[in-house]
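Novice: give me coordinates for this.
(2 chains)
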Amino acid sequence: DQQVKQNSPSLSVQEGRISILNCDYTNSMFDYFLWYKKYPAEGPTFLISISSIKDKNEDGRFTVFLNKSAKHLSLHIVPSQPGDSAVYFCAASARETSGSRLTFGEGTQLTVNP
Amino acid sequence: NAGVMQNPRHLVRRRGQEARLRCSPMKGHSHVYWYRQLPEEGLKFMVYLQKENIIDESGMPKERFSAEFPKEGPSILRIQQVVRGDSAAYFCASSPQRGHEQYFGPGTRLTVT
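Specialist: Just a heads-up that it's a prediction; the model follows:
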């Protein structure tokens, strides 16, 4: 049962434009959501997180939006840069019930073209 | 402030041998997690430990896999009698408190021949 899904395996955008990565989840107990970036042969790098009590969190070029009723979150990167090219993972946890365990999506490969 | 350290970065084992993967959390972090990434898949949770305690091992295979986080020294993920299906990237993460963002190490890539 895939509780966190990233339906787009890849996304290609032009430098300077907006990148929008999407993530859907099924477990209504999830209350904390995170985005990670991963380069080949490296570990995931934490980007930004959001608690279920919020619907938006912003950090520099990165903004995460949470729509609890739709069980959907998205990561916006503006403006996109070639160095942003990586695999992006959405992750979720149900902190109240299952503690700190993160459930990851399958990832979306973002390519930013110069 | 050093990040999460994992060693070795690459490990080759023959079928039936034992694999030992080490993880040193970030300074000040007492919560350690292990995840596995099989080829072409996302990361899957294996185990969550604090010093001298296993908190959640619901993602660990029932046989051949064990983990520890002793009072002194790194956390160890141990795989006995490895099989080809154990070939994967194993990532360790740490956090300062339960329920906070987790910071990942570079991973250990295990190849079973």
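Novice: what bridges to the residue of chain B found nearest chain A?
Specialist: Closest approach between chain B and chain A, counting by C-beta to the nearest C-beta: residue B:104, at 3.7 Å. Where you see a C-beta, it was placed from the backbone N, CA and C, and this is true even at glycine. With DSSP bridges as the criterion, residue B:104 is bridged to residue B:93.
Novice: got the contact list for it?
Specialist: Neighbouring residues of residue B:104 by C-beta atoms under 8 Å, 6 or more residues apart in numbering or on different chains: A:36, A:43-46, B:4, B:35, B:91-93.
Novice: try residue B:95
Specialist: A:100, B:29, B:31, B:33, B:101-103.
Novice: give me that answer again for 7 Å
Specialist: Residue B:95 sits next to A:100, B:29, B:31, B:101-103 when contact means C-beta atoms under 7 Å, 6 or more residues apart in numbering or on different chains.
Novice: residue B:107 now?
Specialist: Here residue B:107 is in contact with A:43, B:6, B:89-91 (criterion: C-beta under 7 Å, 6+ apart).
Novice: for the residues you listed, could you give me a markdown table that also reports distance to residue B:39, pLDDT and secondary structure?
Specialist: Formatted as a markdown table, those follow (distance: C-beta to C-beta, whole Å; pLDDT from 0 to 100; DSSP: H, G, I helix; E, B strand; the rest coil):
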| residue | distance to residue B:39 | pLDDT | secondary structure |
| --- | --- | --- | --- |
| A:43 | 16 | 94 | coil |
| B:6 | 19 | 97 | strand |
| B:89 | 9 | 96 | strand |
| B:90 | 13 | 98 | strand |
| B:91 | 14 | 97 | strand |
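Novice: which of the residues you listed ranks first by neighbour count?
Specialist: Neighbour tally across the contacts of residue B:107 (other C-beta atoms under 10 Å in any protein chain shown): the maximum, 26 neighbours, falls on residue B:91.
Novice: that residue contacts residue B:105, correct?
Specialist: Yes. If you go by C-beta atoms under 7 Å, residue B:91 and residue B:105 touch, sitting 6.3 Å apart.
Novice: can you pull the residues that touch both of those two?
Specialist: In contact with both residue B:91 and residue B:105: residue A:43, using C-beta under 7 Å, 6+ apart.
Novice: redo the contacts of residue B:104 as CSV? Include distance to residue B:53.
Specialist: Formatted as CSV, these follow (distance: C-beta to C-beta, whole Å):
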residue, distance to residue B:53
A:36, 26
A:43, 24
A:44, 25
A:45, 28
A:46, 24
B:4, 19
B:35, 19
B:91, 21
B:92, 16
B:93, 17
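Novice: what's the ChimeraX syntax to select whichever of the residues you listed are buried?
Specialist: Under the burial definition 16 or more other C-beta atoms under 10 Å in any protein chain shown, those of those that qualify are selected in ChimeraX by:
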select /A:36,43,44,46 /B:4,35,91,92,93
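Novice: closest to residue B:22 among the contacts of residue B:104?
Specialist: Using C-beta to C-beta, residue B:92 is the member of the contacts of residue B:104 that lies nearest residue B:22, at 8.4 Å.
Novice: so the closest one touches residue B:29, yeah?
Specialist: No. With contact defined as C-beta under 7 Å, residue B:92 does not reach residue B:29; the gap is 10.8 Å.
Novice: write out the residues of chain B neighbouring chain A.
Specialist: B:31, B:33, B:41-43, B:45, B:48, B:55-56, B:91, B:95, B:98-99, B:101-107 (C-beta under 7 Å from any C-beta of the partner chain).
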